[in-house]
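Novice: Pasting a predicted model and its sequence here:
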Amino acid sequence: EAGVTQFPSHSVIEKGQTVTLRCDPISGHDNLYWYRRVMGKEIKFLLHFVKESKQDESGMPNNRFLAERTGGTYSTLKVQPAELEDSGVYFCASSETPTDTQYFGPGTRLTVL
Amino acid sequence: GQSLEQPSEVTAVEGAIVQINCTYQTSGFYGLSWYQQHDGGAPTFLSYNALDGLEETGRFSSFLSRSDSYGYLLLQELQMKDSASYFCAVRNQAGTALIFGKGTTLSVSS
């Protein structure tokens, strides 16, 4: 069974540009989560999808971040316009149920210059 | 709110035993999880304790004391490949999203 995959693995953009990150969860996992780790800090929750619905987006830092999960399969996280403080590693995780073990992808390392 | 405390660094030699402690504060408790992360890669699930006591999985064990809001990860017969970051985590108030500690960097030397 394939694990959680994320694309791209690395992205370097300039301040003000737009970047879209993609996450493909484990097949059959209705629950999809986005997390972020900023340098030197802990991994922090961004939002939670159940199928195509946003269950909890309390961790989204501001309205420059837009997450979607059309069709309830893969998800995208768009940052527009990107700021320097958005640099970090963005992880996606998925689980069968909301309280089950979460399996993480390898992350996308975003660098905003 | 929720918060977790764990040591920032631990060093040990091959073959040794190391214990990584974690204390937590949470308004609703849904268990304590441990994840391993190599070189900034995907955090990998190691163990989960919902009830007090010790859970053993091979060379790794995890312990929980809910009355003390405390748990630990015990790594035995350390190998070089165990060098990694280890995170303890609890769930948010809804019992869904994970709240992580800052992580403990374990360095195993020969």
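Specialist: Nice, I can see it. Numbers count the residues shown, from 1 in each chain, chains lettered A, B, ... in the order given.
Novice: Direction included, what does the helix or strand hosting residue A:49 pair up with?
Specialist: Applying DSSP states H and E as the criterion places residue A:49 in strand A:43-50. Sheet partners assigned to strand A:43-50 using DSSP bridges are listed as strand A:31-37 (antiparallel), strand A:53-56 (antiparallel).
Novice: buried ones in it?
Specialist: Residues A:43, A:44, A:45, A:46, A:47, A:48, A:49, A:50 are the ones in strand A:43-50 that count as buried (16 or more other Cβ atoms under 10 Å in any protein chain shown). C-beta here means a position set from N, CA and C on the backbone, and glycine is covered the same way.
Novice: go on, stretch A:20-34?
Specialist: The neighbour-count check on stretch A:20-34 (16+ other Cβ under 10 Å) flags A:21, A:23, A:24, A:25, A:26, A:29, A:30, A:31, A:32, A:33, A:34 as buried.
Novice: can I get the strands paired with strand A:43-50 in JSON lines with mean pLDDT?
Specialist: Listed next are the strands paired with strand A:43-50 as JSON lines, based on pLDDT from 0 to 100:
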{"stretch": "strand A:31-37", "mean pLDDT": "97"}
{"stretch": "strand A:53-56", "mean pLDDT": "94"}
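Novice: out of those strands, which comes closest to residue A:107?
Specialist: Each of those was checked against residue A:107 via Cβ to Cβ, and the shortest separation belongs to strand A:31-37, namely 7.8 Å.
Novice: what does stretch B:9-18 contact?
Specialist: B:20, B:74-80, B:104-110 (Cβ atoms under 8 Å, 6 or more residues apart in numbering or on different chains).
Novice: With just CA atoms, put it into CSV.
Specialist: Output of stretch B:9-18 as CSV, limited to C-alpha atoms (Å, rounded to 0.1, in the frame of the first residue of the first chain):
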residue,chain,number,x,y,z
GLU,B,9,18.7,16.7,23.1
VAL,B,10,19.8,13.3,24.4
THR,B,11,23.1,11.5,23.6
ALA,B,12,23.9,7.9,24.1
VAL,B,13,26.2,5.1,22.8
GLU,B,14,25.3,2.1,20.8
GLY,B,15,23.9,-0.7,22.8
ALA,B,16,22.7,1.6,25.6
ILE,B,17,19.2,2.3,26.9
VAL,B,18,17.8,5.8,26.7
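Novice: chain center to that stretch, what's the gap?
Specialist: When distances are taken as Cα atoms, centre = their mean, to the nearest Å, stretch B:9-18 is centred 15 Å away from the chain's centroid.
Novice: ditto for stretch A:67-78
Specialist: For stretch A:67-78, the separation from the chain centroid amounts to 9 Å (computed by Cα atoms, centre = their mean).
Novice: Could you do stretch A:104-113 as well?
Specialist: With Cα atoms, centre = their mean as the basis, stretch A:104-113 stands 9 Å off its chain's centre.
Novice: quick one: the helices in chain B?
Specialist: Counting by DSSP state H, no segments of chain B form helices.
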